[in-house]
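*Asks:* from the sequence below, what's the structure:
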Amino acid sequence: MLDADTRFQPETLTRLVQPLQDKNVAAVSGHAKVGNLRRFIARCQALEYICGFNLDRRAYHHLNCITVVPGAVSAVRKNAVLQAGGISTDTLAEDTDLTLSLHREGFRIAYVSDALAFTEAPETIATLAKQRFRWAFGTIQCLWKHRDMVLNPRFKALGCFSLPGIWFFQVLLVAIAPVIDALVIGSLFLGKSSPSLYAYFGIFLLMDFLLAALACLMEHEPVRRAWLILPMRFVYRPMLSWVIWKALIKAAKGALVSWGKLERTASVT
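*Replies:* The predicted structure follows:
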């Protein structure tokens, strides 16, 4: 699967299908990169892809606990998809739903780091929020649909590590992190802080930067991109928190949410 707004290298398709020679492998995720870096928001997403999506898949590949084979760059085995019940329309995150369904059938999910594709990321806060709301709502739908897999030892690292990790790191922590940031910053300006709080806040930002720099080195990206992690904490993350809260409220109400359409600019270079 390759999105229409994605450009890929000629050898990407060959590299994607190679792991499918193993009959136990049902799907393969490629390495998606942001291809339009002309705006601040797009560059933030590029760093997010480096630090999170692609770096996580490197580890999850070895543990067989990849939770999503993205539509932007992936290969899937047809008979495995049919065995898993086909591509469901139950959620807005059909790629996550399919990946978890393939795991349920006992298949392996692979990641190929050198199968590169360059995708067009949203370039404004409004379009990014629209995209991430769909992702968040769809992910919550998938977590609920496949809730019996969470902490289920039958699914090994997937059930005991990566799925609980989504609940904690992508839902709970994203929802409350800006609140904690606001409390810390407020105490700094109101004079109700202690030297230890200043030190804690500084160390936390330093760790953010060092982890981003390490991710850039591992992904062979310019280390200077790691500096974006600092403004991302105060601009980018509050938006993601708002998206999570909106998705949780919509899900609790049982509201219907459409897939939606994003504006495309054909700016991938």
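
*Asks:* tabulate the CA atom coordinates of the longest helix belonging to the chain in CSV.
*Replies:* Taking DSSP state H as the criterion, the chain has its longest helix at helix 195-218. Output in CSV follows, covering the C-alpha atoms of helix 195-218 (Å, rounded to 0.1, in the frame of the first residue of the first chain):
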residue,chain,number,x,y,z
PRO,A,195,15.5,25.5,43.1
SER,A,196,14.8,21.8,42.8
LEU,A,197,11.8,22.5,40.6
TYR,A,198,14.0,24.6,38.3
ALA,A,199,16.5,21.8,38.2
TYR,A,200,13.9,19.2,37.5
PHE,A,201,12.4,21.2,34.6
GLY,A,202,15.8,21.9,33.1
ILE,A,203,16.8,18.2,33.3
PHE,A,204,13.5,17.1,31.8
LEU,A,205,14.1,19.4,28.8
LEU,A,206,17.7,18.3,28.5
MET,A,207,16.6,14.6,28.5
ASP,A,208,14.0,15.4,25.8
PHE,A,209,16.8,17.0,23.6
LEU,A,210,19.3,14.2,24.2
LEU,A,211,16.8,11.5,23.3
ALA,A,212,15.8,13.4,20.2
ALA,A,213,19.5,13.8,19.2
LEU,A,214,20.1,10.1,19.8
ALA,A,215,17.1,9.2,17.6
CYS,A,216,18.4,11.5,14.8
LEU,A,217,21.8,9.8,15.0
MET,A,218,20.2,6.3,14.8
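
*Asks:* how much space separates residue 82 from residue 97?
*Replies:* Remark: distance between residue 82 and residue 97 (Cβ to Cβ, to the nearest Å) = 15 Å. All C-beta spots, glycine's among them, are computed from the backbone N, C-alpha and C.

*Asks:* okay, these two: which has more neighbours?
*Replies:* Neighbours per residue (other Cβ atoms under 10 Å) separate residue 82 from residue 97, with residue 97 holding more: 24 against 10.

*Asks:* burial check on residue 146, number of neighbours?
*Replies:* Here the number of neighbours of residue 146 (other Cβ under 10 Å) works out to 23.

*Asks:* I'd assumed residue 100 was in contact with it.
*Replies:* Yes. Using Cβ atoms under 8 Å, residue 146 is in contact with residue 100, at 4.7 Å.
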